[in-house]
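>>> okay, predicted coordinates and the sequence, questions at the end:
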Number of protein chains: 2
Amino acid sequence: MPTHSSVYAVSGASVSSRAERSPGRPATEHDAPGAHSPFSLAIHGGAGALSPSRLNGQLEAAYRAGLAAALTAGYRLLVAGGSAVDAVTQAVVVLEDNPLFNAGRGAVFTSAGEVQLDAAVMNGLDRCAGAVAAVVGPRNPVLAARAVLELSDAVLLVGEGALSFCRAHGIALEDPRYFYTEQRWEALQRELHRRRHGGRDDRDDADRHGTVGAVARDVRGNLAAATSTGGITAKAPGRVGDTPVFGAGTWAENGTCAVSATGTGEVFIRLGAAHEIAARMRIGGQPLAQAAADVVAELQVAGGDGGLIAVDAAGAVVMPFNCQGMYRGQIGADGVPRAAIYREQLTVVNGA
Amino acid sequence: MPTHSSVYAVSGASVSSRAERSPGRPATEHDAPGAHSPFSLAIHGGAGALSPSRLNGQLEAAYRAGLAAALTAGYRLLVAGGSAVDAVTQAVVVLEDNPLFNAGRGAVFTSAGEVQLDAAVMNGLDRCAGAVAAVVGPRNPVLAARAVLELSDAVLLVGEGALSFCRAHGIALEDPRYFYTEQRWEALQRELHRRRHGGRDDRDDADRHGTVGAVARDVRGNLAAATSTGGITAKAPGRVGDTPVFGAGTWAENGTCAVSATGTGEVFIRLGAAHEIAARMRIGGQPLAQAAADVVAELQVAGGDGGLIAVDAAGAVVMPFNCQGMYRGQIGADGVPRAAIYREQLTVVNGA
């Protein structure tokens, strides 16, 4: 695979100082544990955080433990010299397997009561990419996306064709019962009832959307991103959001950044959010923190709520969001998983 | 719909002089008739041009007449004060209806012998966008994409869900016989035979890919882009290329440019080609001709052959490509359709 020098040109900016926060700008956490680490992994469990009133202590602990488990799974690969693309894939697998998050098991239902999944993986080293969209059945859609990256001439496979690809390549499939969770089914029923009866849309973020994702820098300086989602509760069948639209919800280019987004996918697509951040760094020389915070603020102006995680070439991580909360976590060379849900700083996950 | 000032910031660069051509740089035509016109429309019929040995005079005249018909259809709207998004939609409809081009009627077949279509429309005014992918049945996929833009909360609908949307919104559907053309069916049989017998891939561009697209600037200065394709002969079912991936094969943002691409879609996705051009103009202050030519050259380095058409805020058009030919044409306020296929300059279409 040839390299693309002018596309890969690096801005030279490294992010090592805390971002200034101007009023009204989305909160940004970055660089705490991983900035000068030989490797760095950040994850999100979606900008679809429950409202604080619905999140009791036990549930909060479960979310934090779920984030820690995903961070630790990716860490084990990175500390052993594994690749960024393997680490993000594995972290997302763990999040997909956890029914608390809207991806894989625990995904939301379409208006037809089905689970249609989207996932994407991109390797910043060579910009190879793979994605599946609107696919019904794979236990771990991110592994289907990874298989597309590794084994297919295609970058994006959708629907029945994606499922055929999964079958041909031994991707584990599950029947609909595996994907059933009571909370997601009830969220669908509430939304369908609201649509029939014309009530106000008072769904909180957790009912509207949610996604999982990971970004990493490995010891060789390679970047990668992975994202996986069930989409929006009661979405139209066949609706595909920003997750598998490379440049919108998922992006990775060595020397600049890797990005995984979560939120109102349509607005992220219309603004080319993830690629826009990379372009502002590479072309405009902006540090990651500024580019990411600005884009997340612009998403909000355009009607998009949500957030993203991103890592730059030096391993510094940012996690801006413009809504109430975003499940998120980070791990660096110290191997200590840190997580947060609302506006608080990341804190060590107890018992991890 | 709120405006997004920082996203919409204009580089201020206007393209009015002929691009310098450095050795090895893809040929670029631009600004001939439309640069200082109150409106401008450019179209492509795909970088899948027949090799010159297969293109006799009669067939060449048919391609040029097909391009002229599409240009004239868009022109009629623009000269009457119509919008760029209407003009690109209408121009693409005419190309989809023409069996010579790989979109709508005349689309190539998947490896399963089916016609699965992708199309996208984006309005630079508000960045509203709509696309369908891997959909079987709509006579004019670009009208399905336009309906998604106008009527759906979604930006991208795929497969069966996209077809349901078409049915619900009265989009004209056709049965498989409508999409059958002897040339495409024979191209599929040749490729399937080659795969079974392990022959060398000697397909020329016309058998490998092809797409149609349009970009326009209207009298109010609004930009728009539309793209439609059958994809690649013998593509895997469910394979989606760059056409409906906004930022890759289709993009429009007022103040910068509108882009419609054609070629090896996977590479266009991996480089975020269309959005990359806009970013280099908006952030880097490059003129369209330079940004577009550089990106097309980088696509080639990355293994992507093809080209694109683009129009900037002043109405100047560029049409770079890195392969043998690209069916293309342009029309401005003089109402005279001009077209070209290989490296020659655009010339007036006789009898148009």
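Yes, it's here. Residues are numbered from 1 along each chain as shown, chains lettered A, B, ... in the order given.

>>> roughly how far apart are the residue in the stretch 51-200 of chain A positioned nearest to chain B and residue B:294?
Taking C-beta to the nearest C-beta, chain B has its nearest neighbour within the stretch 51-200 of chain A at residue A:161, 1.6 Å off. C-betas here are computed from N, CA, C, even on glycine. Residue A:161 sits 34 Å away from residue B:294, going by C-beta to C-beta, to the nearest Å.

>>> who's more crowded, the two?
More crowded of residue A:161 and residue B:294, by other C-beta atoms under 10 Å in any protein chain shown: residue A:161, with 26 against 19.

>>> just the CA trace of the helix ranked longest in chain A, in CSV.
Scanning chain A for the helix with the most residues, using DSSP state H, yields helix A:57-79. C-alpha atoms of helix A:57-79 as CSV (Å, rounded to 0.1, in the frame of the first residue of the first chain):
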residue,chain,number,x,y,z
GLY,A,57,-25.8,4.4,42.5
GLN,A,58,-26.0,0.8,41.5
LEU,A,59,-26.7,1.5,37.9
GLU,A,60,-23.9,4.1,37.8
ALA,A,61,-21.5,1.6,39.2
ALA,A,62,-22.6,-0.9,36.5
TYR,A,63,-21.9,1.7,33.8
ARG,A,64,-18.6,2.6,35.2
ALA,A,65,-17.6,-1.1,35.6
GLY,A,66,-18.7,-1.7,32.0
LEU,A,67,-16.5,1.1,30.8
ALA,A,68,-13.6,-0.1,32.9
ALA,A,69,-13.9,-3.6,31.5
ALA,A,70,-13.7,-2.3,27.9
LEU,A,71,-10.7,-0.1,28.8
THR,A,72,-8.9,-3.0,30.4
ALA,A,73,-9.5,-5.2,27.5
GLY,A,74,-7.9,-2.7,25.1
TYR,A,75,-5.1,-1.9,27.5
ARG,A,76,-4.0,-5.6,27.7
LEU,A,77,-3.4,-5.5,24.0
LEU,A,78,-1.7,-2.1,23.9
VAL,A,79,0.6,-2.8,26.8
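
>>> report all helices and strands that that helix contacts.
strand A:40-46, helix A:84-97, strand A:212-217, strand A:327-331, strand A:338-340 (3 or more C-beta pairs under 8 Å, 6 or more residues apart in numbering or on different chains; DSSP states H and E).

>>> tell me the mean pLDDT over that helix?
What helix A:57-79 shows for mean pLDDT is 97.

>>> again with stretch A:120-140
Per-residue scores along stretch A:120-140 average to 98.

>>> likewise for stretch A:342-352?
89.

>>> in the longest helix of chain A, which residues are buried?
A:63-75, A:77-79 (16 or more other C-beta atoms under 10 Å in any protein chain shown).

>>> quick check: angle from that helix to helix A:84-97?
Helix A:57-79 runs at 160 degrees relative to helix A:84-97, counting by axes from the mean of the first three to the mean of the last three C-alpha atoms, to 10 degrees.

>>> contacts for helix A:57-79 next, please.
Residues outside helix A:57-79 that contact it (C-beta atoms under 8 Å, 6 or more residues apart in numbering or on different chains): A:39, A:41, A:43, A:45, A:50, A:55, A:82-84, A:86-88, A:90-95, A:98, A:100-101, A:212, A:214, A:216, A:218-219, A:327-331, A:333, A:335, A:337, A:339, A:341, A:349-352.

>>> all strands of chain A, in order?
A:40-46, A:117-123, A:129-135, A:156-158, A:212-217, A:223-229, A:239-240, A:250-253, A:257-263, A:306-312, A:317-318, A:327-331, A:338-340, A:347-348 (DSSP state E).

>>> dump the ones you listed to JSON lines, plus distance to chain B and mean neighbour count.
Below are the strands of chain A laid out as JSON lines (distance: least, C-beta to the nearest C-beta, whole Å; neighbours: other C-beta atoms under 10 Å in any protein chain shown):
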{"stretch": "strand A:40-46", "distance to chain B": "19", "mean neighbour count": "31"}
{"stretch": "strand A:117-123", "distance to chain B": "8", "mean neighbour count": "32"}
{"stretch": "strand A:129-135", "distance to chain B": "5", "mean neighbour count": "31"}
{"stretch": "strand A:156-158", "distance to chain B": "4", "mean neighbour count": "32"}
{"stretch": "strand A:212-217", "distance to chain B": "17", "mean neighbour count": "34"}
{"stretch": "strand A:223-229", "distance to chain B": "13", "mean neighbour count": "34"}
{"stretch": "strand A:239-240", "distance to chain B": "4", "mean neighbour count": "30"}
{"stretch": "strand A:250-253", "distance to chain B": "7", "mean neighbour count": "33"}
{"stretch": "strand A:257-263", "distance to chain B": "12", "mean neighbour count": "33"}
{"stretch": "strand A:306-312", "distance to chain B": "15", "mean neighbour count": "32"}
{"stretch": "strand A:317-318", "distance to chain B": "18", "mean neighbour count": "32"}
{"stretch": "strand A:327-331", "distance to chain B": "24", "mean neighbour count": "30"}
{"stretch": "strand A:338-340", "distance to chain B": "27", "mean neighbour count": "24"}
{"stretch": "strand A:347-348", "distance to chain B": "33", "mean neighbour count": "12"}
